[in-house]
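Peer 1: A structural model of the following input is requested.
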Amino acid sequence: MEVCDRRQHDHYDEQTPCRIAVHCRTGLGRAPIMVALALMKLGGLSGMRAIQKVRAQRSEAFNGRQINFLIAHDGQRSRR
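Peer 2: Have a look, this model is predicted:
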C-alpha cells in the first residue's frame, strides 16, 4: 500500500493509487472527520462529496453534528 505523502502529491486525484490511514477506536467519529477534511483540503471535494466517499467505505460514519460541521467548514472554505 502506498501512503500519500504531501511532499510527493500536491493534490488528491481519485485516479491516483494512494492511501491515507487514520484510526480511532471505533472509526466512526474522529477518523472519518479527519479523512473527510483531508479529501476536502487536498482534493478540493465538497463537504457532501467527501461524506459520500467516506460512507462508501464505512456507512455508519458521521452523525448529524459531524455532517453539519463538514458542511459549515465547506461553506467557510468557499468564502476564502
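Peer 1: which secondary structure elements does the helix or strand harbouring residue 72 contact?
Peer 2: Assigned by DSSP states H and E, residue 72 belongs to helix 64-79. Based on contacts counted as 3 or more C-beta pairs under 8 Å, 6 or more residues apart in numbering; DSSP states H and E, the elements that helix 64-79 packs against are helix 30-43, helix 47-57. For the C-beta atoms, the positions are set from N, CA and C on the backbone; glycine is no exception.
Peer 1: can you pull the buried residues of that helix?
Peer 2: 66, 67, 69, 70, 73, 74 (16 or more other C-beta atoms under 10 Å).
Peer 1: Doesn't residue 45 belong to a helix?
Peer 2: No: under DSSP: H, G, I helix; E, B strand; the rest coil, residue 45 falls outside any helix and is assigned coil.
Peer 1: Excluding chain neighbours, what is closest to it?
Peer 2: residue 39 (4.7 Å; C-beta to C-beta, 6 or more residues apart in numbering).
Peer 1: Same question for residue 32.
Peer 2: residue 61 (3.8 Å).
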